[in-house]
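Q: the sequence and its predicted three-dimensional model are supplied below.
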Amino acid sequence: MDTHTDAFERLRPRLQGLAYRMLGTRAEAEEVVQDTWLRWREAAAGPIDRPEAWLVSVATRLAIDRLRHARVERAHYVGTWLPEPLLEESPPSPEQLVERADSLSVAFLAVLERLAPEARAAWLLREVFEAEYAEVAEALGKSEAACRQIVHRAREQLRDARPRHVVPAPAQERLLRSFAQAATRGDFGALKALLAEDAQLLGDGGGKVPSFGRPLEGGTRIAQLYLAACLRHPGAVRIELAWVNGQRGLLRFIDGTLESVQALETDGHRILRIHAQRNPDKLARIAATRTVTPPRDATS
């Protein structure tokens, strides 16, 4: 591996992480990284004083352009748009858990949709990737003063929308495991007890499968929905715990087929919000990695 390629590969995870947080889909993020690589290879003939700044700037601008086009498409999206979930086969390290809790969760990526493309890029570069304002300015092609204002306004927009509860991992694990077991059995009483009275469920079907056009509200209604799935598919519902976007989440299978990936927000005692990704296009990568096993209770 030559020095030029080595420099790019060392920065690939950072570029991939930035692009995914910008766009919310792995395929688009990978395309941004690939386009950045092509431009980097073309630039190899000339000297580049600061390779990292150069690569981050190019990837940021490419992601901003793609997000502008994506926002036009998402304006006509059928139902609620949620990001494509990322599944990890092994638990994140303690350092990764701290890093990802605030910036990679499905809940927070959904909140970032509030920000305009440049504001989203500026906020991520500064708050998640800890870039200096000079680097943010270079990436966005703006003055440092303008970038400070953009980041400040983005903080204000996100302040009340970010998840408020920091729940220890063991408590989160116990709560989700109990919920998975109740949802597998169709235990309405247990489901209702585990859901907050004002809980919400947001589903993304992408127009490909039935879903809600707006959030389903109320713990009782959500518990009824999970019960209905068990009644409609007796003995065919299987739910596994998994690492989804750096946090514990659920994979629900029906008749051996991945039906949804669910990211849950809790306060450590009750489930407050569920983001259920049901769009088959956004489940395809995860579905391809999962083996079909007979229905069983949730013990993973």
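A: Thanks, I have the structure now. Numbering: from 1, shown residues only.
Q: show me what the helix or strand where Trp40 lies is packed up against.
A: Using DSSP states H and E, Trp40 maps to helix 26-42. Contacts defined by 3 or more C-beta pairs under 8 Å, 6 or more residues apart in numbering; DSSP states H and E place helix 26-42 against helix 3-23, helix 51-74. C-beta here means a position set from N, CA and C on the backbone, and glycine is covered the same way.
Q: report the rounded mean pLDDT for it.
A: Averaged over helix 26-42, pLDDT sits at 95.
Q: same question, stretch 242-262
A: Rounded mean pLDDT across stretch 242-262 is 95.
Q: mind listing what the closest residue to Arg41 other than its chain neighbours touches?
A: Spatially, and ignoring its direct neighbours in sequence, Arg41 is nearest to His4 (7.5 Å; C-beta to C-beta, 6 or more residues apart in numbering). If you count contacts by C-beta atoms under 8 Å, 6 or more residues apart in numbering, His4 has them with Trp40, Arg41, Ala44.
Q: who touches Lys142 in this structure?
A: Ile150.
Q: ok, Glu113 to Thr184 distance?
A: Taking C-beta to C-beta, to the nearest Å as the measure, Glu113 falls 31 Å from Thr184.
Q: more neighbours: the two, which one.
A: A direct count of neighbours by other C-beta atoms under 10 Å for Glu113 and Thr184 places Thr184 higher, at 23 against 14.
Q: so that one is in which element?
A: Secondary-structure assignment from DSSP H and E places Thr184 in helix 169-185.
Q: tell me which other helices or strands that helix touches.
A: For helix 169-185, the packing partners by 3+ C-beta pairs under 8 Å, 6+ apart are helix 188-194, helix 219-232, strand 237-244, strand 247-254, strand 257-266.
Q: which residues are contacting the second one?
A: Read it as helix 219-232. Taking C-beta under 8 Å, 6+ apart as the rule, helix 219-232 contacts 182-186, 188, 191-192, 195-201, 216, 237, 252, 254, 270, 274.
Q: now do 6 Å
A: By C-beta atoms under 6 Å, 6 or more residues apart in numbering, the list of residues contacting helix 219-232 from outside reads Ala183, Gly186, Phe188, Leu191, Lys192, Leu195, Ala196, Glu197, Ala199, Leu201, Val237.
Q: dump those into TSV; add neighbour count and distance to Arg21 as well.
A: TSV is the format used below for the contacts of helix 219-232 (neighbours: other C-beta atoms under 10 Å; distance: C-beta to C-beta, whole Å):
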residue	neighbour count	distance to Arg21
Ala183	24	29
Gly186	19	36
Phe188	16	37
Leu191	24	32
Lys192	19	35
Leu195	27	29
Ala196	17	28
Glu197	10	32
Ala199	25	26
Leu201	23	24
Val237	22	32
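Q: for the residue most central in space within the chain, which non-adjacent residue is closest in space?
A: Residue closest to the average C-alpha location in the chain (C-alpha atoms, centre = their mean): Val106, at 3.3 Å. Taking C-beta to C-beta, 6+ apart, and ignoring the residues beside it in sequence, Val106 has Ala263 as its nearest neighbour in space, at 3.7 Å.
Q: from Gln200, how far out is the one you found?
A: Computed as C-beta to C-beta, the Ala263 to Gln200 distance reads 12 Å.
Q: ditto for Leu225
A: For Leu225, the distance to Gln200 equals 12 Å [C-beta to C-beta].
Q: the more surrounded of those two?
A: Comparing Leu225 with Gln200 by other C-beta under 10 Å, the one with more neighbours is Gln200, at 20 against 17.
Q: only alpha carbons, please: show the helix or strand the more buried one falls within as CSV.
A: Using DSSP H and E, Gln200 falls within strand 195-204. The C-alpha trace of strand 195-204 is given here as CSV (Å, rounded to 0.1, in the frame of the first residue of the first chain):
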residue,chain,number,x,y,z
LEU,A,195,-44.5,1.3,28.0
ALA,A,196,-44.9,4.8,29.3
GLU,A,197,-48.5,6.1,29.1
ASP,A,198,-47.5,8.7,26.5
ALA,A,199,-45.1,6.4,24.6
GLN,A,200,-44.7,6.9,20.9
LEU,A,201,-44.0,4.5,18.0
LEU,A,202,-42.6,5.8,14.7
GLY,A,203,-42.6,3.5,11.8
ASP,A,204,-40.9,3.7,8.4
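Q: and that strand, which strands flank it?
A: Strand 195-204 has its sheet partners listed here by DSSP bridges as strand 216-217 (antiparallel), strand 271-277 (parallel).
Q: give me whichever of the ones you listed is most buried.
A: Of the strands paired with strand 195-204, the one with the most neighbours on average (mean count of other C-beta atoms under 10 Å) is strand 271-277, at a mean of 24.
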